[in-house]
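Visitor: Give me the fold of what follows.
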Amino acid sequence: MVDVFIANESYLLREGIKVLIKNTKGLKLAGEASSVVELEQKVLKIQPDVLLIDYANEAFSTDDIGHLKNYLPNTRYLAITALQSKEVMSTAIEAGVNSHVLNVCSSQEISDAIFATARGEKFFCGTILERVMEDEPGGTTADSANCDPVKISTRELEIVRLIAEGFTNKEIGDRLFISTHTVMTHRKNIMNKLGINNTAGLVIYAVQEKLISPDQFIFDSTVN
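Guide: Residues are numbered from 1 along each chain as shown. From the prediction side, this is the model:
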């Protein structure tokens, strides 16, 4: 069971997220706060698995995330905001945000993000990945350039295999009972982790990891 704490000044957004948590098996509402004072009073006692926070308003900021991490080292932080500038979102990531989605993402994508964050993985919706990676040479991020091992989840490996076998995003979504948008987000997350920017790269990775047989494919050197 994943204990989730909501930090959001909007009553409607808090209520919407609470409904999502209530209707998702494996998630539990640990508490909620509409101000930083209330957040500190409650969250330090509860120590949730995941803190779902909107840092882009008058109630909370990225500084609050950095401050809380000093006292809650085992809590992971999932930001859920309106679309921000590349600079603002980069600052949030530097402050300690583990994952980031938009408040207009589907309930499926938000719940996927919560579970992934609780497992210690990073999850960024496709729109945020595109914004954060703007003007990056080759479309890669710092994570793909360092020596840390790449962590690909079981679900992501399954999606890589299906992509390599030629299934469309919609077909993959139908097979895995998730939305097409969620498939696209997983796809972008995977490509970001692996430092690749085309389907051919995913196919090569699938062959290398023995997710599929190389005999299934004849590679055309003209295909990107």
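Visitor: And stretch 84-104, end to end?
Guide: Taking Cα to Cα, to the nearest Å, stretch 84-104 runs 13 Å from one end to the other.
Visitor: Any buried residues in that stretch, and which?
Guide: 84, 89, 91-93, 95-103 (16 or more other Cβ atoms under 10 Å). The C-beta positions use only the backbone N, C-alpha and C, and glycine is treated the same way.
Visitor: just stretch 154-172 next, same as before
Guide: Buried positions in stretch 154-172, judged by neighbour count with 16+ other Cβ under 10 Å: 155-156, 159-164, 167, 169, 172.
Visitor: In CSV: the buried residues of stretch 84-104, plus pLDDT and secondary structure.
Guide: Below are the buried residues of stretch 84-104 laid out as CSV (pLDDT from 0 to 100; DSSP: H, G, I helix; E, B strand; the rest coil):
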residue, pLDDT, secondary structure
Q84, 90, coil
M89, 89, helix
T91, 89, helix
A92, 90, helix
I93, 87, helix
A95, 90, helix
G96, 90, coil
V97, 92, coil
N98, 89, coil
S99, 90, strand
H100, 92, strand
V101, 93, strand
L102, 93, strand
N103, 92, coil
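Visitor: Redo those residues as a markdown table? Include distance to F123.
Guide: Listed next are these as a markdown table, based on distance: Cβ to Cβ, whole Å:
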| residue | distance to F123 |
| --- | --- |
| Q84 | 17 |
| M89 | 14 |
| T91 | 19 |
| A92 | 14 |
| I93 | 12 |
| A95 | 17 |
| G96 | 15 |
| V97 | 11 |
| N98 | 8 |
| S99 | 4 |
| H100 | 8 |
| V101 | 7 |
| L102 | 12 |
| N103 | 15 |
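Visitor: Just give me the closest of these to C125.
Guide: V101 (4.5 Å; Cβ to Cβ).
Visitor: Tell me which residues touch that closest one, please.
Guide: 78-80, 109-110, 113, 123-125, 128 (Cβ atoms under 8 Å, 6 or more residues apart in numbering).
Visitor: can you check R155 too?
Guide: So R155 contacts 176, 186 (Cβ under 8 Å, 6+ apart).
Visitor: any idea which element it lies in?
Guide: helix 154-164 (DSSP states H and E).
Visitor: Just give me the least confident of the buried residues of stretch 154-172.
Guide: Within the set of the buried residues of stretch 154-172, pLDDT is lowest for A164 (82).
Visitor: I'm done for today, thanks for sticking with me.
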